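Student: sharing a model that was predicted from the sequence below.
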Amino acid sequence: MPNLTIIVVFFNMCREAERTLHTLSCAYQRGVNESDYDVIVIDNGSSKPLSAEVVENFGSNFSYYFYETDEKSPVVVINQAVAKLQTEFVMVMIDGAHMLSPGVVGNALRVTKAYPDPFVTVVGFHLGQENQNRSVSKGYNQKQEDVLLETVAWRENGYRLFEIAGALAYDCAGWFGPLAESNCFLLKKTTYERLGGFDVRFTEAGGGLAILDFFRIAMADVELDYVVLLGEGSFHQFHGGVASNAPYSEHPWERFHQQYLKIRQQSFQVIARRPVLLGKITPEADSWARLCARVGLDWWRNEEQKPHDMAKFFPTIGYAMLEARRDPEEERENSDLKSQVNSLTQICDAETQKRKECEAELLLLRKVANEPSILKGLLKKLGVKW
């Protein structure tokens, strides 16, 4: 019997589901077998449901469940699914639009053997040139993303998804900085229930701030072994999500946060906590690792591990990431160009000075030629008779 069940939720995502489910299969995940884990695919009341046959074709460890509901939030059905599990550990993916890198399941299972009560998280990324909340205003859509995904052989090597990920899922420093949420996390079933599961009062589409709320509760529990899977990621596909794909001018954050205030009686704050890192950095993720390390390690040096207000937390890291993303090669080229300009400027200044001296000598010679008395005076001083 497997020790892990993965719960992934979809809502009108037939296009995205095929890719996500492939990344959850043993044909893609490395170092695992079908007997190591189960995958429960939940269709949360879609008007265009998935096909049970299609889902189950991804492996004998896949099962499909259609949840008849008019509710926009999946938190109730997730809690119900966890309550029925027979496995010791559960991995939850509240947004089925996320594709995983190939080492997520195997490394997560390694953590379950290494720590008594782990909370394992995966860093999120957005496919495309930039965060999809920005790119949607520039025309980024599913068709463009289909073309983009065809440019890399991600089915053969899922780490190539890092090459077409233009941004982290939100302003953070990835593996090396503080996280505020994770669309893919693992913990014991008993721990999930002890923490209260997802609060069913989060009724907004997609769960609103339910995932941030649960993540914050987990971060506050010092008994949990907080582990981030180094070099792994979950990659968000564009699907017209109410929050993940809304332009910033139309983002429902304020509405989501108003519900959070009503439930928790306080503003949302990020609890920063240093994680244990488990995994390795593949060549495809090198550039992301360097970028995240530059920003994240500096952040920990300057910030206390305490709750942080949203108004300060995200902008601070976001601006730092923008600054750090300047191309080092371009910076070196700019530096070389500046040195060349400075050298040319010095040469020009020297030549200008020589020209001025020559013009002064020429002016004197002209005066001598036009005024013989000046020449006589000079010759007299030199002791030469005229």
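Tutor: Sure thing, it's come through.
Student: report the contact partners of the spatially most central residue of the chain.
Tutor: Central residue check for the chain by CA atoms, centre = their mean: the C-alpha nearest the mean position is that of residue 168, 1.4 Å away. The contact partners of residue 168, by CB atoms under 8 Å, 6 or more residues apart in numbering, come to 123, 124, 125, 126, 131, 174, 321. (C-beta placed from N, C-alpha, C; glycine too.)
Student: just the closest of those residues to residue 6, please.
Tutor: The shortest gap between residue 6 and any of these belongs to residue 124, at 16.2 Å (CB to CB).
Student: hmm, who's touching the helix or strand harbouring residue 99?
Tutor: Taking DSSP states H and E as the definition, residue 99 sits inside strand 98-100. Taking CB under 8 Å, 6+ apart as the criterion, the residues outside strand 98-100 that touch it are 19-20, 22-24, 29, 122, 124, 154, 158, 161, 183-184, 232-237.
Student: give the rounded mean pLDDT of it.
Tutor: Mean per-residue pLDDT for strand 98-100: 97.
Student: what is the three-state secondary structure of the residue lying closest to residue 121 once chain neighbours are set aside?
Tutor: Nearest-residue entry for residue 121: residue 182, 3.8 Å, with adjacent residues in sequence omitted and distances by CB to CB, 6 or more residues apart in numbering. For residue 182, the reduced secondary structure class is coil; criterion used: DSSP: H, G, I helix; E, B strand; the rest coil.
Student: got it, and the one 5 residues further on?
Tutor: Reduced to three states with three-state DSSP, the structure at residue 187 is strand.
Student: could you give the number of residues near it?
Tutor: Burial of residue 187 is recorded as 22 neighbouring residues (other CB atoms under 10 Å).
Student: next, the contact list for it, please.
Tutor: 89, 90, 117, 118, 119, 120, 218, 224.
Student: among these, which are in helices?
Tutor: If you go by DSSP state H, the contacts of residue 187 have residue 218 in helices.
Student: reformat the contacts of residue 168 as a markdown table; add neighbour count and pLDDT.
Tutor: As requested, the contacts of residue 168 are exported to a markdown table (neighbours: other CB atoms under 10 Å; pLDDT from 0 to 100):
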| residue | neighbour count | pLDDT |
| --- | --- | --- |
| 123 | 26 | 96 |
| 124 | 24 | 95 |
| 125 | 25 | 94 |
| 126 | 24 | 91 |
| 131 | 21 | 72 |
| 174 | 23 | 91 |
| 321 | 21 | 80 |
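Student: so of those residues, which ones are in helices?
Tutor: Secondary-structure check on the contacts of residue 168 using DSSP H: residues within helices are residue 321.
Student: kindly indicate which of the contacts of residue 168 lies nearest residue 41.
Tutor: residue 124 (19.9 Å).
Student: about what we covered before: would a markdown table of the contacts of residue 168 with distance to residue 279 be doable?
Tutor: Formatted as a markdown table, the entries for the contacts of residue 168 read as follows, by distance: CB to CB, whole Å:
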| residue | distance to residue 279 |
| --- | --- |
| 123 | 11 |
| 124 | 15 |
| 125 | 15 |
| 126 | 21 |
| 131 | 24 |
| 174 | 12 |
| 321 | 21 |
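Student: out of the contacts of residue 168, which one sits closest to residue 366?
Tutor: In terms of CB to CB, no member of these lies closer to residue 366 than residue 321, at 65.4 Å.
Student: mind checking pLDDT for the nearest residue to residue 192 once chain neighbours are set aside?
Tutor: Nearest non-adjacent residue to residue 192, counting by CB to CB, 6+ apart: residue 82, 5.5 Å away. According to the model's per-residue confidence, residue 82 sits at a pLDDT of 98.
Student: my reading is that residue 82 lies in a strand. Confirm?
Tutor: No: counting by three-state DSSP, residue 82 is not part of a strand but helix.
Student: what's the neighbour count on it?
Tutor: 18.
Student: tell me which stretches of this protein form helices.
Tutor: Per DSSP H, the chain has helices spanning 14-24, 52-56, 75-83, 104-114, 132-135, 142-149, 189-194, 210-220, 253-264, 286-302, 310-324, 328-370, 372-381. These are given in chain order.
Student: list the buried ones in stretch 136-153?
Tutor: Of all the residues in stretch 136-153, those buried under the rule 16 or more other CB atoms under 10 Å are 136, 140, 144, 145, 148, 149, 152.
Student: so the residue nearest to residue 192 touches residue 195, yeah?
Tutor: No: contact between residue 82 and residue 195 fails when scored by CB atoms under 8 Å: they sit 11.0 Å apart.
Student: domain-wise, how is this protein divided?
Tutor: Segmentation of the chain into domains, based on automatic domain parsing, reads 4-325, 338-381.
Student: among these, which is the most enclosed?
Tutor: Among the domains of the chain, ranked by average contacts under mean count of other CB atoms under 10 Å, first place goes to domain 4-325 (a mean of 18).
Student: contacting residues for the nearest residue in space to residue 202 that is not next to it in sequence?
Tutor: Excluding the flanking residues, the one nearest residue 202 by CB to CB, 6+ apart is residue 210, at 3.7 Å. Under the criterion of CB under 8 Å, 6+ apart, the neighbours of residue 210 are 73, 75, 94, 198, 199, 202.
Student: closest one of those to residue 42?
Tutor: For the contacts of residue 210, the minimum distance to residue 42 (CB to CB) is 10.0 Å, reached by residue 94.
Student: pLDDT score assigned to that closest one?
Tutor: The predicted structure scores residue 94 at 95 on the pLDDT scale.
Student: for residue 344, same thing?
Tutor: pLDDT recorded at residue 344 is 59.
Student: what about residue 223, distance to residue 189?
Tutor: 16 Å (CB to CB, to the nearest Å).
Student: that should have said residue 272, apologies.
Tutor: Using CB to CB, residue 272 is found at 27 Å from residue 189.
Student: circling back to that earlier point, closest to residue 66 out of the buried residues of stretch 136-153?
Tutor: Distance from residue 66 was checked for each of the buried residues of stretch 136-153 by CB to CB. The minimum falls on residue 145, at 26.1 Å.
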